[in-house]
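> The following comprises the amino acid sequence and a computationally predicted model.
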Amino acid sequence: MDYVKITPTTIKSETMANKADLIVGIQWGDEGKGKIVDLLAQQYDFVARYQGGHNAGHTIVLGGKKYALHIIPSGVLNPKAINIIGNGTVICPDAFIEEAAQFGDLSGRLFISKNAHLILGCHIALDQAKEARLGEKKIGTTGRGIGTAYADKVARVGVRVGDLADREGVIEAILSRYEQLCQIAPPKAEIASAVARWAEKLLAFAADTTQMLWKALDEGKKILLEGAQGTLLDLDHGAYPFVTSSNTIAAGACSGAGLAPKEIGRVIGITKAYCTRVGNGPFATEQENSIGDRLREKGEEFGTSTGRARRCGWFDAPLAKFACRLNGADELALMKLDVFDGFEKIQACVDYADGEPVYKTFAGWDKVAKARSFGDLPKAAQNYVAAIEELVGVKITLISTGADRNDTIYR
């Protein structure tokens, strides 16, 4: 057997190989990843979404206009970027078709992995029924069939985008899943009509997206990988069972997009200056009081996908440090610092004692909104940023001071 001889030249070329950068949420999602991906996407040739479904919601404000994205990558607002929905996602066909319509002709700019799984009506019905049965013990899902679609994927009975090419086969598969999951199925003609519509719209975007990304890397193209939800909702590393149904951490990008670990480059973590969470599950720094209400109102903390009010609380440094280590974060983007404008005092959890948060109190400030340089920030705000850096151990390189793309400080 012939072996490759490793030389210094070989090692150097491996080290210098093109890599894909990655955006990942450090909290429970809703950190503001959409704004940062949109901001950075102007510098990238490809933007790829690698997990989750339309339960995710990214809001982007550009020129005063709001765009709500759920499954389409945030790079869609860069006319020069190619956007990819990877194999690790689950797609609700009708939701995708509706979302794509707001952007006009996306031919040549958007591609969907043939291996991405479809969310069917029976998945949504079962998801909602399970949550209803659990009552007060419910997980707090969006009820959009994400978890049940992933369950079918793991059980190897799911329907994939590429399967739509065999319409009769897909119709029979969908009828079978309805009968098994719901004991009753819609009329076959109704399913056939839906499948015909889905095939027409989705197959136009279907591709071997893994091969596309490999080719892009080989050609020196710049790739940005976009995660959905956040680290603390990861299926394996979050507070199970109050988690989502996919791996939201940086490592999930490898399986969800088809890249090798060594092909992941810079990892940028996204965190709010405070914490929010949607759904049930532990939230040690939650403020179920006037402070939480004020954060929710000022931060407009209502879900992009569901409209549900988010639970709000103080920043949790130990959790952020854990998440940064888990993801191998090289740097952080600190979002919504402007929400604290007008607060006399701000707290952050710096440790835990007997399971309870230990808080440090910081002086508040009058205004950071619309600031465009670090020097423009009040001293108290600068101190808060520096304290988070020290507590988490990761450099903050971007600071968001407003919803618009341009309300951003680069460090």
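That came through fine.

> Do I have it right that Cys312 meets Lys298?
No: assessed by C-beta atoms under 8 Å, Cys312 is found out of contact with Lys298, at 9.6 Å. Where C-beta positions appear, they are placed from N, C-alpha and C, glycine not excepted.

> Neighbour count for these two, which is higher?
Cys312 (27 against 16; other C-beta atoms under 10 Å).

> Tell me how many other residues surround the residue nearest to Leu118 when sequence neighbours are not counted.
If you skip the residues right next to it in sequence, Leu118 has Val159 as its closest partner in space, 4.8 Å away by C-beta to C-beta, 6 or more residues apart in numbering. Other residues near Val159 number 23, with proximity taken as other C-beta under 10 Å.

> Can you list the buried residues in stretch 381-389?
The neighbour-count check on stretch 381-389 (16 or more other C-beta atoms under 10 Å) flags 381-382, 384-385, 387-388 as buried.

> Spatially central, which residue of the protein would that be?
Central residue of the chain (C-alpha atoms, centre = their mean): Ala228, 1.3 Å from the mean position.

> Please identify which helix or strand holds that one.
When secondary structure is defined using DSSP states H and E, no element contains Ala228, which sits outside every helix and strand.

> Verify the contact between it and Ser245 for me.
No: counting by C-beta under 8 Å, Ala228 does not reach Ser245; the two are 11.3 Å apart.

> Next up, the contacts around Thr248.
Going by C-beta atoms under 8 Å, 6 or more residues apart in numbering, Thr248 touches 24-25, 29, 51-52, 227-231, 233-235, 238.

> now, which of those residues sits nearest Ile270?
Ile270 has its nearest neighbour among the contacts of Thr248 in Gly25, at 5.4 Å by C-beta to C-beta.

> okay but the closest one is in contact with Lys33, surely?
Yes: under the criterion of C-beta under 8 Å, Gly25 makes contact with Lys33 at 5.6 Å.

> so what sits against both of those two?
When C-beta under 8 Å, 6+ apart defines a contact, the residues bordering Gly25 and Lys33 alike are 227-228, 270.

> what residue ranges in the stretch 251-400 of the chain are flagged as low confidence?
For the stretch 251-400 of the chain, residues meeting the criterion pLDDT under 70 lie at 304-306.

> where do the helices sit along it?
252-257, 290-298, 317-327, 379-392 (DSSP state H, counting those that start in this stretch).

> in the stretch 51-200 of the chain, which spans are helices?
For the stretch 51-200 of the chain, helices defined by DSSP H, counting those that start in this stretch occupy the ranges 93-101, 121-134, 146-154, 167-182, 188-202.

> Which neighbouring elements make contact with the first one?
Using 3 or more C-beta pairs under 8 Å, 6 or more residues apart in numbering; DSSP states H and E, the elements in contact with helix 93-101 are helix 188-202.

> moving C-terminal of the helix it packs on, what's the next helix or strand?
With DSSP H and E, the next secondary element past helix 188-202 is strand 206-207.

> Pull the residues that contact that next one.
Counting by C-beta under 8 Å, 6+ apart, the neighbours of strand 206-207 from elsewhere in the structure are 111-114, 161-162, 164.

> Ranking by neighbours, what's the top pick from those residues?
Ranked by neighbours (other C-beta under 10 Å), the contacts of strand 206-207 are led by Ser113, which has 30 neighbours.
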